[in-house]
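Asks: I would like the atomic coordinates for the input below:
(one chain, ligands or ions: 2)
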Amino acid sequence: MSEQCLFCRIAKGEIPSTKLHEDDEILAFEDINPQAPSHLLVIPRKHIATMNDLAEADDAVLGRMHRVAAKLMQERDHSAWRAVTNCNAEAGQTVFHLHLHALAGRSLRWPPG
Ligand code: 5GP
Ligand code: ZN
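Replies: Ligands and ions are numbered 1, 2, ... in the order given. Predicted structure coming up:
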């Protein structure tokens with residue numbers, strides 16, 4: 001837990017969010033600035049700054065985060081969707097608490113910008 005971290009504060013309920021899934025390890029909520037008709041964020045409750053900071057002990061929660069994203073997308077009838085994690089500022093990361101973006105509902109081009 002990092003006291004200044006935006007997503008730790010969202011996970012603790014100190015900052016409001018539109019929650020879509022919550023359990024003892026994971027939270028999913030709507031992105032405040034959606035880049036697609038469906039744009040969800042899935043985070044571990046544990047503070048992990050970036051993908052470069054993962055430990056072996058985090059393997060299970062990372063897998064579960066992907067399954068939560070898939071479940072939420074399927075509930076919205078999105079069979080096609082994209083999972084993205086930006087790692088470090090040069091790759092577009094702005095919040096330094098690991099998060100999975102799940103995007104759907106429009107054509108998603110490749111490669112991403
Ligand atoms: P990143 O740029 O780090 O990959 O993604 C951070 C995401 O968090 C962005 O898509 C941004 O819109 C979202 N975001 C930033 N602040 C808030 C907030 O206070 N609430 C919510 N729900 N999303 C946020
Ligand atoms: Zn955090």
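
Asks: show me what counts as buried in stretch 12-29.
Replies: Residues of stretch 12-29 classed as buried: 17, 20, 21, 26, 27, 28, 29 (neighbour count, 16 or more other C-beta atoms under 10 Å). (Each C-beta comes from the backbone N, C-alpha and C, glycine too.)

Asks: likewise stretch 96-112?
Replies: Going by neighbour count (16+ other C-beta under 10 Å), the buried part of stretch 96-112 is 96, 97, 98, 99, 100, 101, 102, 103, 104, 105.

Asks: residues of this structure that sit close to ligand 1?
Replies: Counting by C-beta under 6 Å from any ligand atom, the positions of the chain adjacent to ligand 1 are 6, 17, 29-33, 41, 86, 92-95.

Asks: which ones among these are found in strands?
Replies: Cross-referencing the residues of the chain next to ligand 1 against strands under DSSP state E gives 29, 30, 41.

Asks: so the second one is in contact with residue 40, correct?
Replies: Yes: if you go by C-beta atoms under 8 Å, residue 30 and residue 40 touch, sitting 6.3 Å apart.

Asks: okay, and the common contacts of these two?
Replies: Residues touching both residue 30 and residue 40 by C-beta atoms under 8 Å, 6 or more residues apart in numbering: residue 20.

Asks: show me the shaky parts of the protein.
Replies: Along the chain, segments meeting pLDDT under 70 span 1.
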